[in-house]
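Enquirer: here is a sequence together with a model predicted from it:
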Amino acid sequence: MAEVIRMPKMSDTMTEGVIAAWHKKVGDTVKSGDILAEVETDKATMDMESYYDGTLLYIGVEKGQSVPVDAIMAVIGKPGEDYQSLLSGGSSAPATETPKESAPAAQPETKATPTAPAVDTSNIKAKTVQMPLLSDTMTEGVIHTWLKKVGDKVKSGDILAEIETDKATMELEAYEDGTLLYIGVEAGKAAKVNEVIAVIGEEGADYQALLNNTGASAPAAPAETKSEQAAPAPSTQAPAEPAQTTAANNGRILASPLAKRLAEEKGINLADVNGSGEGGRIIKNDVDNFTPKAKPAAPATSQAPAVAAAPAGQESYEDIPLSQMRKTIARRLSESKFSAPEFYLTMEITMDKTIKAREMMNEVSPVKISFNDIVIKAVAVALTKHPMVNASWLGDKIRKNHHVHIGMAVAVEEGLLVPVIRFANTKTLSQIAAETKDLGGKAKNKQLQPKDWEGNTFTVSNLGMFGIDQFTSIINPPESCILAVGAIKETVGVKDGQFFATNIMKLTLTCDHRVVDGATGAAFLVTLKQLLEEPYKLLV
């Protein structure tokens, strides 16, 4: 039977999506998990997966057009199958409300036992909730917190859980009204993308057939018992007291992405805002109606107990579980280190004129410009003159990028994130400074969205602020180069036999020899040296 593909709701503020690209055309064979299209929402451009096996019979929206949430975009079925009745049914066809919800019915064809396809689940008034694909490198997600427990009423748009991916902790919304009947993955446990993690439906609905069709092995009753035991900790028991809600969530403030953005624009500290949403969650109206008050006396912070000294001669250790971020860092950088033939080029830069120029620029700039901002701007300009250094290795071809998106390595508690300054070569130093501060803050607060970390063509890693004179970085694939920036160090120079004080900064360029040759990398560094030693050239 043919199935319609509808525009999914990918964020809590999304009302429509724009088709950025179709990855399949009419007549193509499609498998569950294939990327059908790229959808641009109000917050990010994200991949839309197929949850069905079959042939793409119909595409109703062209690239560049916008589609309301739940509107029909395409149809997948058997070759030659008549699907016109599905199109005439419009958005009212209940049997195909969203592709994600119908996915379990399609997957058993390849995973279930031969008798499973005969099970009719169309009359079961319940829908499965699957682990969504929240980033381009995500293979599994960890349930950070369940915000609902089995038996709770759920409305479309409610936040069911917080999911830790390899790059951020993001919220999982419900797309159904009903009762949370089943939780299949406990808080702290991982689930693979597309794995069933919950069921929502009418009270008393026999959802076990849905789980059987998806291959879920956990029996319904034990899973519910575990979920109910695990739920009280993450659920917020006092919505009227956001301070308690924050404490119950390990210091994290529950707020919708839109509320966070509005609060940041208005300079409001979300810790001061009372949340009126589900479980004390802060929503847009709370921010709009917020009136600053005299700050209450800061609660007495309990002093961290002094670490007890271990008795002499006693061995001790602590095993730290790998976070999703650390797993991805380990995998991607290992792939880069052991597959890319890297070489390294180091050059000293005299920073005397740049130091003076920065002092003068900060007298008039609306945002404080850092040395790292100046390096990013200089790198962006140099890349326009040496496009092969701005290229990417794609295995069977080299992609020479005509745009310049600079990744900025930011150290966070669990590892490293690389937010992206897009079209950095076209931006002023003040614009770059404002953007790096904004992205750096979001990275450390785990507030980055997919659009903030995707698409970099070159990366800058700066450890100069830690006093590191020189180091080498590992390339972030598929990029072909990464620049390591050391500290500015006052030293003694010699010119015409005379000694003088000067300031030196060392740069080390790591290059993938499959794309960049030694002479190409050296020429790039020469241009970069000229721009940094004569900073007025950045303004021309």
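Expert: Happy to help now that I have it. Numbers count the residues shown, from 1 in each chain.

Enquirer: and Thr145, how far from Val193?
Expert: 19 Å (CB to CB, to the nearest Å). C-beta here means a position set from N, CA and C on the backbone, and glycine is covered the same way.

Enquirer: okay, these two: which has more neighbours?
Expert: Thr145 (23 against 16; other CB atoms under 10 Å).

Enquirer: so the more buried one, which of the three states?
Expert: Here Thr145 is recorded as strand under DSSP: H, G, I helix; E, B strand; the rest coil.

Enquirer: start at 13, not 1
Expert: New numbering, starting at 13: the last item is Thr157.

Enquirer: per-residue pLDDT of it, please?
Expert: pLDDT recorded at Thr157 is 88.

Enquirer: doesn't Glu174 make contact with it?
Expert: Yes: here Thr157 lies in contact with Glu174, judged by CB atoms under 8 Å, at a distance of 4.6 Å.

Enquirer: next SSE downstream of the helix or strand harbouring Ile516?
Expert: According to DSSP states H and E, Ile516 maps onto strand 510-524. Counting by DSSP H and E, the next helix or strand C-terminal to strand 510-524 is helix 530-545.

Enquirer: quick one: that following helix to strand 510-524, angle?
Expert: Compare the direction of helix 530-545 with that of strand 510-524 by axes from the mean of the first three to the mean of the last three CA atoms, to 10 degrees and you get 130 degrees.

Enquirer: quick one: helix 530-545 to chain centroid distance?
Expert: 33 Å (CA atoms, centre = their mean, to the nearest Å).

Enquirer: which residues sit against that helix?
Expert: The contact list for helix 530-545 (CB atoms under 8 Å, 6 or more residues apart in numbering) reads 355, 357, 359, 361-363, 365-366, 386-387, 390-391, 393-395, 397-398, 400-401, 493, 517, 519, 521, 523, 549-550.

Enquirer: in PDB, list the C-alpha atoms belonging to it.
Expert: The C-alpha coordinates for helix 530-545 follow below in PDB (Å, rounded to 0.1, in the frame of the first residue of the first chain):
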ATOM      1  CA  GLY A 530      53.900  21.500   0.400                       C
ATOM      2  CA  ALA A 531      54.300  24.500  -1.900                       C
ATOM      3  CA  THR A 532      50.600  25.200  -1.800                       C
ATOM      4  CA  GLY A 533      50.500  25.100   2.000                       C
ATOM      5  CA  ALA A 534      53.600  27.300   2.200                       C
ATOM      6  CA  ALA A 535      52.200  29.900  -0.200                       C
ATOM      7  CA  PHE A 536      49.000  30.100   1.900                       C
ATOM      8  CA  LEU A 537      51.100  30.700   5.100                       C
ATOM      9  CA  VAL A 538      53.200  33.400   3.300                       C
ATOM     10  CA  THR A 539      49.900  35.300   2.400                       C
ATOM     11  CA  LEU A 540      48.600  34.800   6.000                       C
ATOM     12  CA  LYS A 541      51.900  36.200   7.400                       C
ATOM     13  CA  GLN A 542      51.600  39.300   5.200                       C
ATOM     14  CA  LEU A 543      48.000  39.900   6.300                       C
ATOM     15  CA  LEU A 544      48.800  39.600  10.000                       C
ATOM     16  CA  GLU A 545      52.100  41.600  10.000                       C
END
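
Enquirer: buried sites along that helix?
Expert: Thr532, Gly533, Ala535, Phe536, Leu537, Thr539, Leu540, Lys541, Leu543, Leu544 (16 or more other CB atoms under 10 Å).

Enquirer: pLDDT of it, averaged?
Expert: 96.

Enquirer: cool, stretch 329-337 as well?
Expert: Computed over stretch 329-337, the average pLDDT equals 75.

Enquirer: centre of the chain to it, how far?
Expert: 20 Å.

Enquirer: ditto for stretch 477-497
Expert: Offset of stretch 477-497 from its chain centre (CA atoms, centre = their mean): 22 Å.

Enquirer: list the buried ones in that stretch?
Expert: Neighbour counts over stretch 477-497 (16+ other CB under 10 Å) mark 482, 485-497 as buried.

Enquirer: average pLDDT for that stretch?
Expert: 93.

Enquirer: next one: stretch 34-47
Expert: 88.

Enquirer: can you list contacts of that stretch?
Expert: Applying CB under 8 Å, 6+ apart, the set of residues contacting stretch 34-47 is 48-50, 59-71, 75, 88, 115, 118-119, 122, 206.

Enquirer: give the buried residues for it.
Expert: Buried, per 16+ other CB under 10 Å, within stretch 34-47: Trp34, Lys36, Val42, Ser44, Asp46, Ile47.

Enquirer: so how far is the first residue of that stretch from its last?
Expert: With CA to CA, to the nearest Å as the measure, stretch 34-47 spans 9 Å from end to end.

Enquirer: from the contacts of stretch 34-47, which ones fall inside strands?
Expert: The members of these that map onto strands under DSSP state E are 48-50, 59-61, 66-71, 88.

Enquirer: perfect, that will be all.
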